[in-house]
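Undergrad: sequence and predicted model, in that order:
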Amino acid sequence: MHWAHKYIGKSWSPGATGPDQYDCWGLLCVIYKDQFGVELPHHIALDKTDRRGVIKFVDSEVRNATEWRRVTSPVDGCAVAMGSANKYSHVGVYLEIDGGLILHSAERTGVIAQSISALRASGLGNLIFFKHGPNC
């Protein structure tokens, strides 16, 4: 059984980081800590995107930067920014199961795993995949 199954079905709550409720960023933070040993900042601000496709998120409280590299072919555990047009308002985690699913926590549904086509049908058609780390 994939590690993601333990999160599915949990409730959505703004600012929640588990274990029974999550918002989208809180879920991403918990997954990265629990599954990959990576601490992500809980309060972020986008710093910039450079020509190599690296995005820096800066912890707005302690000013530590977290680097992410944009990838075109996601692998299990890649972060996903979702939105419409060029506005990104939601995040999730790519899963290499059932042909590729996105695990995310949404206000009306809680934590679910959806196909990319289902996300596009719901209005979150603009997806960008990222890998985290200094060697990404």
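TA: Thanks, I have it. Numbering: from 1, shown residues only.

Undergrad: find the residue at the geometric middle of the chain.
TA: Residue closest to the average C-alpha location in the chain (CA atoms, centre = their mean): Gly92, at 3.0 Å.

Undergrad: helix or strand for it, which one?
TA: strand 87-95 (DSSP states H and E).

Undergrad: the helix or strand just after that strand pairs with which strands, and in what direction?
TA: As assigned by DSSP H and E, the chain's next helix or strand after strand 87-95 is strand 101-106. Partners of strand 101-106 in the sheet, by DSSP bridges, are strand 87-95 (antiparallel), strand 110-115 (antiparallel).

Undergrad: buried ones in the following helix or strand past the last one?
TA: Scanning forward in sequence from strand 110-115, with DSSP H and E defining helices and strands, the next element found is helix 116-121. The neighbour-count check on helix 116-121 (16 or more other CB atoms under 10 Å) flags 116, 119 as buried. Bear in mind the C-beta positions are built from the backbone N, C-alpha and C, glycine included.

Undergrad: still on that earlier bit, what about the nearest residue to the residue nearest to the centre of the chain once chain neighbours are set aside, how many residues nearby?
TA: Distances taken as CB to CB, 6 or more residues apart in numbering put His104 closest to Gly92, at 3.1 Å, once the chain neighbours are dropped. Residue neighbour count, defined by other CB atoms under 10 Å, stands at 26 for His104.
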